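Engineer: No letters, just coordinates:
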């Protein structure tokens with residue numbers, strides 16, 4: 001029976017593929033959460049989906065056929081472990097031996113990958129005698145032959161002479177092709193050189209990860225289109241598959257039912273049904289479906305459903321957040337007033353923009369700033385730059401009128417000066433950064449409150465516009481924050497809302513459990 005990767009002129013050698021399997025299962029170790037070091041037992045898809053085609057196909061002269069290989073599979077399917085075991089094989093048994101490079105998107109991830117490989121080696125009685133782990137330099141050396149393993153990060157890469165084999169971790173996360181391209185060229189002088197990318201689907205179709213995904217699709221349909229590139233994708237088809245069907249789950253997750261139980265996967269699916277953002281994460285991480293790069297964080301209908309009039313603040317505590325933009329753009333102050341009776345919040349925004357700049361932006365961006373100014377939704381300051389004297393006067397008036405308990409401010413864009421002035425006037429001001437770890441808890445809380453219709457914002461049009469522009473970035477630790485670089489337009493009102501929620505969450509954490517808030 002002809003293999004699906006068949007292209008005329010190449011020879012399949014099952015013995016060569018079996019050699020890789022025997023090495024991994026005999027010498028490599030799986031370091032479990034229980035601390036036990038168990039011999040590796042490769043799954044069927046490890047062999048048929050990657051090892052057999054990549055290591056079995058050869059040229060007539062014995063050289064390996066494939067120079068590049070792409071594997072895309074959802075999270076939790078042991079792709080990182082497979083990457084670790086193949087690294088050890090390259091270092092010891094893939095002749096002719098050469099250096100091995102791991103490519104990570106940043107130094108932190110590079111260090112995580114290195115530790116995974118190092119732990120597996122140190123757990124192996126045989127490999128720990130052959131390979132020396134130099135933790136201080138993040139290098140692993142073959143003591144007899146001198147070839148080494150090193151993990152490079154895109155954020156610290158400098159062009160240098162490289163020569164060897166390459167494994168790229170999460171290629172979808174690489175913002176530029178610089179490191180990947182350099183490593184591809186590094187294999188040209190290596191007999192049996194190989195660049196292998198193991199990844200999940202991403203959220204940007206403009207980067208090198210999407211290019212590799214398309215190459216994988218191309219050779220899956222027609223191996224002769226690029227005979228030296230191997231591609232394998234485990235994913236659901238968003239246009240044809242029922243994402244709630246367990247058969248679809250198994251199609252996308254070859255380790256389902258072996259590495260992780262089906263009932264937990266089903267529970268993740270049920271949880272995803274409750275929230276559009278959760279569903280987006282489920283489709284990407286669990287079914288390997290690329291998320292839309294322009295996906296909005298807040299669904300318009302859910303935001304609109306929270307447009308009830310504000311309740312009188314009365315004696316309730318009021319918190320404020322200030323997002324002071326550049327001197328030419330929109331600035332936002334948002335009051336958040338929690339109602340302890342039902343856990344809901346009232347949100348009252350205030351906006352400012354330089355008057356001359358409002359005219360320019362209305363023409364350029366087709367945003368009706370002028371109508372919003374006439375209707376009192378935005379306050380215009382004279383001239384074409386922000387007038388901090390007026391901003392100081394207005395913010396102080398608002399804080400005194402509504403008895404603001406605490407004002408949270410990101411100390412950028414001249415905010416420190418304004419914060420000091422307000423502090424001198426008796427307003428309690430605290431610095432609050434807009435990074436992922438700091439903004440994640442307020443952003444998730446705001447999302448949940450909107451989903452439960454426990455937010456009232458009185459349909460303030462500028463705030464609604466900001467909410468409709470928000471695209472969130474999620475880092476590798478699961479922290480989320482509104483991304484000004486990815487969002488379609490201004491999001492200042494939402495950023496200020498999250499800043500205002502931070503002191504409320506800090507004050508409320510004793511009653512509802514700890515919340516991670518970062519003050520500066």
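Structural biologist: Good, I have the coordinates. These numbers were taken from a predicted model, which means no experiment stands behind them.

Engineer: which helices and strands does the host helix or strand of residue 277 pack with?
Structural biologist: Applying DSSP states H and E as the criterion places residue 277 in helix 276-281. With contacts taken as 3 or more Cβ pairs under 8 Å, 6 or more residues apart in numbering; DSSP states H and E, helix 276-281 sits against helix 262-272. (C-beta placed from N, C-alpha, C; glycine too.)

Engineer: Just checking: what are the partner strands of the longest strand belonging to the chain?
Structural biologist: The residue-count maximum for a strand in the chain (DSSP state E) belongs to strand 344-354. With DSSP bridges as the test, strand 344-354 is paired with strand 331-339 (antiparallel), strand 379-381 (parallel), strand 455-456 (parallel).

Engineer: mind checking which of these is nearest residue 420?
Structural biologist: The closest of the strands paired with strand 344-354 to residue 420 is strand 331-339. By Cβ to Cβ, the value is 16.6 Å.

Engineer: and the top helix by length along the chain with strand 344-354, angle?
Structural biologist: Ranked by number of residues, the top helix in the chain under DSSP state H is helix 492-512. Taking axes from the mean of the first three to the mean of the last three Cα atoms, to 10 degrees, one finds helix 492-512 and strand 344-354 inclined to each other by 150 degrees.

Engineer: Only the buried residues of helix 492-512, if you could.
Structural biologist: Buried residues in helix 492-512, counted by 16 or more other Cβ atoms under 10 Å: 492-508.

Engineer: pLDDT weak spots in the stretch 301-450 of the chain?
Structural biologist: Along the stretch 301-450 of the chain, the parts satisfying pLDDT under 70 run over 326-327, 363-366, 413, 435-436.

Engineer: Domain-wise, how is this protein divided?
Structural biologist: In the domain annotation for the chain, the residue ranges read 66-233, 246-287, 300-512 (automatic domain parsing).

Engineer: export those to TSV and tack on distance to residue 49?
Structural biologist: Formatted as TSV, these follow (distance: least, Cβ to Cβ, whole Å):
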stretch	distance to residue 49
domain 66-233	5
domain 246-287	7
domain 300-512	25
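
Engineer: Ok, which of these comes nearest residue 23?
Structural biologist: Closest to residue 23 of the domains of the chain, according to Cβ to Cβ: domain 66-233, at 5.2 Å.

Engineer: per-residue confidence averaged over that closest one?
Structural biologist: When pLDDT is averaged along domain 66-233, the result is 90.

Engineer: you'd agree residue 97 is up against residue 142?
Structural biologist: Yes - Residue 97 lies in contact with residue 142 (Cβ atoms under 8 Å); the separation is 6.8 Å.

Engineer: shared neighbours, those two?
Structural biologist: Each of residue 91 lies in contact with both residue 97 and residue 142 under the rule Cβ atoms under 8 Å, 6 or more residues apart in numbering.

Engineer: Please report how far residue 367 lies from residue 465.
Structural biologist: 7 Å (Cβ to Cβ, to the nearest Å).

Engineer: Show me the helices in the stretch 101-250 of the chain, by range?
Structural biologist: Along the stretch 101-250 of the chain, counting by DSSP state H, counting those that start in this stretch, helices occupy 107-122, 127-130, 178-186, 208-221, 246-252.

Engineer: Which residues are in contact with each of residue 367 and residue 465?
Structural biologist: Shared contacts of residue 367 and residue 465, defined by Cβ under 8 Å, 6+ apart, are found at residue 489.

Engineer: List the contacts of residue 73.
Structural biologist: Residues in contact with residue 73 (Cβ under 8 Å, 6+ apart) are 79, 198, 200, 233, 234, 253, 254, 288.

Engineer: okay, now the spatially closest residue to the fourth one that is not a sequence neighbour: neighbour count?
Structural biologist: Setting aside the residues directly before and after it, residue 233 is nearest to residue 72 in space (Cβ to Cβ, 6 or more residues apart in numbering), at 4.6 Å. When counting by other Cβ atoms under 10 Å, one arrives at 25 neighbours for residue 72.

Engineer: if I pick residue 72, what's in contact with it?
Structural biologist: The contact partners of residue 72, by Cβ under 8 Å, 6+ apart, come to 199, 200, 201, 213, 216, 232, 233, 234, 235, 288.

Engineer: Which of those residues fall within strands?
Structural biologist: 199, 232, 233.

Engineer: Same list, those residues, but as JSON lines with distance to residue 246 and neighbour count please.
Structural biologist: JSON lines is the format used below for these (distance: Cβ to Cβ, whole Å; neighbours: other Cβ atoms under 10 Å):
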{"residue": "199", "distance to residue 246": "25", "neighbour count": "21"}
{"residue": "232", "distance to residue 246": "22", "neighbour count": "20"}
{"residue": "233", "distance to residue 246": "20", "neighbour count": "16"}
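
Engineer: circling back to that earlier point, do you know which of the domains of the chain lies nearest residue 40?
Structural biologist: domain 66-233 (6.2 Å).

Engineer: end-to-end on that closest one?
Structural biologist: Terminal residues of domain 66-233 lie 17 Å apart, using Cα to Cα, to the nearest Å.

Engineer: Over to stretch 371-391?
Structural biologist: By Cα to Cα, one end of stretch 371-391 lies 21 Å from the other end.

Engineer: gap between it and the chain center?
Structural biologist: 36 Å (Cα atoms, centre = their mean, to the nearest Å).

Engineer: what sits up against it?
Structural biologist: By Cβ under 8 Å, 6+ apart, stretch 371-391 touches 324-328, 330-331, 350-358, 369, 394, 414, 417-418, 460-462.

Engineer: Now do the buried residues in it.
Structural biologist: Buried-residue list, stretch 371-391, by 16+ other Cβ under 10 Å: 372, 373, 377, 378, 379, 380, 381, 386, 387, 388, 391.

Engineer: measure the fifth one to residue 354 for me?
Structural biologist: Translated: residue 379. 11 Å.
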